[in-house]
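Trainee: Dropping a prediction and its sequence here:
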Amino acid sequence: MNKNIKVSTKNLDFYYGSSQALYDVSLTFPSNRVTALIGPSGCGKSTFLRCFNRMNDLIPGSRMTGEILFDGQNINQPSVDVVTLRSRIGMVFQKPNPFPKTIFENVAYGLRVNGIRDRESIQERVEESLKWAALWEEVKDRLHTSALGLSGGQQQRLCIARALAVKPEILLMDEPASALDPIATQKIEELIHELKKDLTILIVTHNMQQAGRVSDFTAFFYMGKLVESNETQKIFTRPRLKQTEDYITGRFG
Amino acid sequence: MFLSRTSREKIIRRLFFVIAFVSIGTLFLIFLFLVLEGLPIFKEVSVAQFIGGHYWYPTSDPPDFGIFPLILASLAVTVLSAAISIPLGVMTAIYLAEIASRRFREIAKPVIELLASLPSVVIGFFGMVVVAPFLQETFNLGTGLNLFNAALMLAFMSVPTICSISEDAIYSVPKELKEASLALGATRLETIVKVVLPASISGISTAVILGLSRAIGETMVVLMVAGGAAMIPGSIFDPVRPLPASIAAEMAEAPFRGSHYHALFATGIVLFLFTFCFNLIADQIAHKYQQTGAATL
Amino acid sequence: MSFEVQSSSPLTLERTAPMDSSQQAYQARLRRRKTWEGLVFSLFWGAVAITALGLFIILFFMVANGWQAITLTFLTEAPREAMTQGGILPCIVGTVCLALGAMAFAFPIGIASAVYLSEYARPGKTLRLIRLGINNLAGVPSVVFGLFGLALFVTYFRFGVSILSGALTLGAMSLPVIIGTTEEALKAVPNTYREASLGLGATKWQTIYRVVLPAALPGILTGGILGIGRAAGETAPIMFTAAVFFTPSLPSSLFDKVMALPYHIYVLATAGTEIEATRPLQYGTALVLITLVLGLNLMAILYRSRLRKKSR
C-alpha cells in the first residue's frame, strides 16, 4: 500500500498571519492517479495545493504546521530545499502564465535553470514535452514566435509542457481550465488522462462535472477542513455526509 | 445664463483643451526664446566653430567661443556619474521590489522620494565643503573640486530617479510570471535575472535615460563642485566646466545682448537639445515597449 | 484517510537534473546556484546600504554643523555686517513669496490640464502630443528655465528681475509635477461616481466640478505641496530672474527683487568676500532650506500614503 502512495499530508494546519486557512488536514494521494480537490471558493483547496511545492512560502506571515510526506520524506521543514522540491513537483496555474518569450524558450526555461546547456538535448526535450502536452502539431512551425500569440487553451497547454519538461513526479493543477472555453477545456481534460500514466496529479477544480470526468479520487473541502474523501465514483454516487451531497448536487456553493 | 447647457459644456471643454496646451506652448516658447537670443552669436562664429572649437575665452579680446570642452565636460561628468548611479539605482530598485520585506519597502520608498527632493544647491554645498576637502587630502590633489566630485554628487542626485522609476517597473511585473518561474525550480535570483528583469527592461531603460537626462541638465551641483576650468580634462581628477555651469556662472557678468550673452543662450540650445533627445528616446521606449503583463485570453 | 508512514530522516531531497547527471553533480550545481544567489543578493543589499548611507551622511553633516546657527535671531532678522552677522529672514520671505507665487500660476493651469487629460481627452495623436510636451517640459534643465525666464519675462515682458519673473519661471517648471499628481488623483476616483452623477442627468462639467474634483481634492493638494517644495528648492531658474545677493528691505511688491534661501547658500559659499567666516551661516541656511523642503515633501508623502490606504 505504502508504495502506491506518492504524497500525503498529516495534520496539516495553515495560517495566513493570525487567520487559520487549513485545519488538521490528513490526506493521501496514490501514485499515477488524479485526485480532485473540490469545495466552495475560499474553502482552502488552493492553499492546500500550494503547500505541496511550498509556494505559500512566498506569502509574508504565512505559517504551516504538520507533515507533508513526499515519497516518505517530510517536506515541511526548513532544511528541505524548495528549489529541488519545485523541480520535482510541477505546477500549472489558474490563468495561463507563459513568459513573454518564444514558445521554445518557455519550454526550455526549466531545463536551462536546471543546468542543461547542450542545445541538442534541449531541443529534444522541448519537442518531447510539447508532444506530451499535445501541442506539438499546432506549434511546431512557429516555435520561435512569441508565446503570447497563442490562444488561451494553447497557452495553458504550453504551461503544462513547460512544467513537464523538468520531468516532475507530481503535477499540481490549480483550476487549470477555469479560464478556458469548453473545447480547450476538453483538450486539457484529455491531456490529464494521458499524463496520469507518468505522473501523480492533484487538481483543484470548481467544476463538479470536471472532477467527475477526470479524477480517480475526490476530496471535498469546506471552511478549511477536509470534509470527506474517497474514490470519485463513490463520492459522486454515495457520499457519506449530507454536506458533501449538498455541494455536489449544487444545493450550495 | 442664456447659454444652453450643451453649448456651455462645449465651451468648457474647449477651455480645458486650450489650457492643456500650455505645457507644449511653454516648451515651444522656451525653444523659441533660446533660439531668438542665441542665434546672433552665429553671425560671429560658425556652428562648427562654436560646437567644435577647443577654446572658450568669452571675455578675451578677441573672444573665443568654442564650447567643445564644455560639451566634453558635460558628457564626461554624466558618463562617470552614470557608471555609479545606474548600478546603484537599479540594484537598489531590485532589492526593494523583489527581496525586501514589505515593511522595509514601505519605509524605504518614501525615503528615496525624499532623497529625490533634496535641493541640488544643498548637494552642491555638501560636495564643496565636505567631499572636496576629503578628496583633496585622500588623493593628494590640487583641488577637490573636480570631475570626479561632480560625478559623485550627480550620481547621488540621479540614484533616486533611476531607483524609483525602475522599482515601479519591476514591482509591476505580474506575480504570475514570478510564480511560474519559481514553480519550475528556479531560484529567486534566476527568476529575477531571467524573468523579472526582461519583463521590466523598458521601464528600467526609461528610468536610466531620465536619470541621465537629469544628470546632464543639473546645474547647481556642477556649478559648485566641478571646478570650473573650461579645459578638456585629462584625468577624472581635473577640474571641468560643464555646459550648465558655464551658463549659470557667466550669465550675470555677460553684457546684455553682447556676444557673450548670445553665446550663453546658444549653449542653452545645445543643452536643451541634449535633454530633449534623451526625453524623446525615453518616451519612445516607454510608449513602444509597454510592459508585457500576464498573458491575457 | 490516513495511513502509517515510515519516519522521515534524510534532509536533502534527492534529485538529479532532468538530463542524466549524477546526484552528486546535481547537489554541487545546486550549491553553486545558491551561492551565487546569496552573493548577488548581498550585492543588492550593499547598493541599498550605500544609498542610505549617502543620505545619512548628508543629513548628518548638515544637521551637525547647522543646528547651532539656528537661533531666533537667525530666523527673524536681516543680515548685518556684510552678511557675517544677523539672520536670513529676507531669504525665507523671498523663498516663500517665490514658491507661493509659482503655485498661483502652476496650480490652476496644472489642474485644468490634468482634468482635460484624464476626463476629456480620448486616446489619439493629440493626447500623445500633449503628453510628450509635458514629459519634455519636465526634462528641461533648470538653468534653461532660467534662460527662458530671463529672455521672456525679464526682458521681453519687461518685468525686470522680480518676484513676478521668478514666480512665473518656477511656475512653468513645476507645471509637470502638478499635472502628474493631479492626474493620479483624478484616476483614483472610482468610475462609479462619474456614472452615478451622469446617470442622474448631470452634465460632464457638473460631474467634474461637483463629484470628481471634490473626491480628488486631497490628492490634488498633495501635488500642490510637492510643487511648493520643488519650487522652493530650485536655484538656477531664479538666478537670472528674481534673486539677488542682498536687498536692504523686505519685498513690498511683485516687481521687487528678492533674496532667496537656495541662492543665498550658493552666493555665500562661492562668491562672498568671507567664505570661511560665513560658513556657519551657510550651514544654517542649508539646514533651514532642507527642513523646509523635506518637511513639505514628508508631509505630502505621509498624507498620500494615508490616502492610498483609505481608498483601498
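Mentor: Yep, that arrived.
Trainee: in which helix or strand would I find residue A:220?
Mentor: Under the assignment given by DSSP states H and E, the secondary-structure element containing residue A:220 is strand A:217-222.
Trainee: CA atoms of that strand as PDB?
Mentor: The C-alpha trace of strand A:217-222 is given here as PDB (Å, rounded to 0.1, in the frame of the first residue of the first chain):
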ATOM      1  CA  PHE A 217     -10.200  10.300  -6.100                       C
ATOM      2  CA  THR A 218     -12.000  13.300  -4.800                       C
ATOM      3  CA  ALA A 219     -11.600  15.300  -1.600                       C
ATOM      4  CA  PHE A 220     -14.200  17.800  -0.500                       C
ATOM      5  CA  PHE A 221     -13.100  20.800   1.500                       C
ATOM      6  CA  TYR A 222     -15.200  23.200   3.400                       C
END
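Trainee: Can you tell me what sits against that strand?
Mentor: Contact partners of strand A:217-222, identified using C-beta atoms under 8 Å, 6 or more residues apart in numbering or on different chains, comprise A:27, A:29-30, A:33-40, A:43-45, A:48, A:211, A:226-232, A:235-236, A:239, A:243-244, A:247-248. Any C-beta I mention is one placed from the backbone N, CA and C, and that applies to glycine too.
Trainee: and chain C, which of those residues reach it?
Mentor: Among the contacts of strand A:217-222, the residues that sit close to chain C (C-beta under 8 Å from any C-beta of the partner chain) are A:27, A:226, A:229.
Trainee: Doesn't the last one belong to a helix?
Mentor: No - assessed with DSSP: H, G, I helix; E, B strand; the rest coil, residue A:229 is strand; it does not lie in a helix.
Trainee: Quick one: the helices in chain A, in order.
Mentor: Assigned helices in chain A, in chain order: A:45-52, A:82-88, A:103-113, A:119-132, A:136-139, A:152-165, A:182-195, A:208-214, A:232-237, A:242-248 (criterion: DSSP state H).
Trainee: Point out the most buried one among these.
Mentor: Burial among the helices of chain A, expressed as mean neighbours by mean count of other C-beta atoms under 10 Å in any protein chain shown, is greatest for helix A:152-165, which shows a mean of 26.
Trainee: Let me know the angle separating that one from helix A:182-195.
Mentor: For helix A:152-165 and helix A:182-195, the angle between their directions (axes from the mean of the first three to the mean of the last three C-alpha atoms, to 10 degrees) works out to 20 degrees.
Trainee: so how far is helix A:152-165 from its chain's centroid?
Mentor: Taking C-alpha atoms, centre = their mean, to the nearest Å, one finds the center of helix A:152-165 at 12 Å from the center of the full chain.
Trainee: centroid residue for the chain?
Mentor: Answering for chain A, as no chain was given. Nearest to the mean C-alpha position of chain A, by C-alpha atoms, centre = their mean, lies residue A:172 at 1.5 Å.
Trainee: that's the other chain; I wanted chain B
Mentor: With C-alpha atoms, centre = their mean applied to chain B, the nearest residue to centre is residue B:214, 1.3 Å.
Trainee: quick one: the host helix or strand of that residue near chain A?
Mentor: For residue B:214, the enclosing helix or strand under DSSP H and E is helix B:201-217. No - using C-beta under 8 Å from any C-beta, helix B:201-217 stays clear of chain A, with a minimum separation of 10.5 Å.
Trainee: That helix and chain C, any residue contact?
Mentor: Yes - part of helix B:201-217 sits near chain C under the criterion C-beta under 8 Å from any C-beta, namely B:210, B:213-214, B:216-217.
Trainee: Could I get the buried residue list for stretch C:197-214?
Mentor: If you call a residue buried by 16 or more other C-beta atoms under 10 Å in any protein chain shown, then stretch C:197-214 has these buried ones: C:197, C:202, C:204-208, C:211-213.
Trainee: Chain B next: which of the residues you listed are close?
Mentor: Applying C-beta under 8 Å from any C-beta to these, one finds that C:204-205 fall near chain B.
Trainee: any chance of the buried residues of stretch C:197-214 in TSV, plus pLDDT?
Mentor: Formatted as TSV, these follow (pLDDT from 0 to 100):
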residue	pLDDT
C:197	92
C:202	89
C:204	91
C:205	92
C:206	91
C:207	93
C:208	93
C:211	92
C:212	94
C:213	94
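Trainee: Now for the residue in the stretch 1-150 of chain A that chain B sits nearest to: which residues touch it?
Mentor: In the stretch 1-150 of chain A, the residue that lies nearest chain B is residue A:87 (2.9 Å; C-beta to the nearest C-beta). Neighbouring residues of residue A:87 by C-beta under 8 Å, 6+ apart: A:110, A:114, A:166, A:168, B:184-185, C:15, C:18.
Trainee: Quick check, pLDDT for the closest residue to chain B within the stretch 101-250 of chain C.
Mentor: Per C-beta to the nearest C-beta, the residue of the stretch 101-250 of chain C with the smallest distance to chain B is residue C:141, at 2.7 Å. Reading off the per-residue confidence, residue C:141 sits at a pLDDT of 95.
Trainee: Okay, now the unreliable bits of chain B?
Mentor: B:1-3, B:289-297 (pLDDT under 70).
Trainee: which parts of it sit against chain A?
Mentor: Of all the residues in chain B, those lying near chain A are B:101-102, B:174, B:176-177, B:179-187, B:190, B:194-195, B:198-199, B:292, B:294-295, B:297, going by C-beta under 8 Å from any C-beta.
Trainee: what are the ranges of the strands in chain C?
Mentor: Under the criterion DSSP state E, chain C carries strands at the ranges C:79-80, C:85-86.
Trainee: Redo these as TSV? Include mean pLDDT and distance to chain A.
Mentor: Output for the strands of chain C, formatted as TSV (pLDDT from 0 to 100; distance: least, C-beta to the nearest C-beta, whole Å):
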stretch	mean pLDDT	distance to chain A
strand C:79-80	78	54
strand C:85-86	76	54
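Trainee: dump the residue contacts of residue A:144.
Mentor: By C-beta under 8 Å, 6+ apart, the contact list for residue A:144 reads A:102-104.
Trainee: Let's see that with 6 Å instead.
Mentor: When contacts are counted by C-beta atoms under 6 Å, 6 or more residues apart in numbering or on different chains, residue A:144 is found next to A:102, A:104.
Trainee: Please report how far it lies from chain C.
Mentor: Shown here: residue A:144 relative to chain C, a distance of 22 Å by C-beta to the nearest C-beta, to the nearest Å.
Trainee: if we can go back for a sec, any idea how far the strand holding residue A:220 is from the middle of the chain?
Mentor: The answer for strand A:217-222 is 15 Å, by C-alpha atoms, centre = their mean.
Trainee: Stretch A:151-171 now?
Mentor: Per C-alpha atoms, centre = their mean, the centroid offset for stretch A:151-171 relative to its chain is 10 Å.
Trainee: now swap in stretch C:52-62 and tell me
Mentor: Mean-position distance between stretch C:52-62 and its chain equals 18 Å (C-alpha atoms, centre = their mean).
Trainee: Restrict it to CA atoms and write it as PDB.
Mentor: Coordinates of each C-alpha in stretch C:52-62 appear next as PDB, following Å, rounded to 0.1, in the frame of the first residue of the first chain:
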ATOM      1  CA  ALA C  52      21.000  55.100   2.600                       C
ATOM      2  CA  LEU C  53      24.500  55.900   3.900                       C
ATOM      3  CA  GLY C  54      24.800  58.800   1.400                       C
ATOM      4  CA  LEU C  55      21.500  60.300   2.600                       C
ATOM      5  CA  PHE C  56      22.500  59.800   6.200                       C
ATOM      6  CA  ILE C  57      25.900  61.400   5.800                       C
ATOM      7  CA  ILE C  58      24.500  64.500   4.100                       C
ATOM      8  CA  LEU C  59      21.800  64.900   6.600                       C
ATOM      9  CA  PHE C  60      24.300  64.300   9.400                       C
ATOM     10  CA  PHE C  61      26.700  66.900   8.200                       C
ATOM     11  CA  MET C  62      24.000  69.500   7.600                       C
END
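Trainee: Which pLDDT does the model give the residue nearest to residue C:245 when sequence neighbours are not counted?
Mentor: Distances taken as C-beta to C-beta, 6 or more residues apart in numbering or on different chains place residue C:267 nearest to residue C:245, at 5.0 Å, with adjacent residues excluded. What the model reports as pLDDT for residue C:267 is 90.
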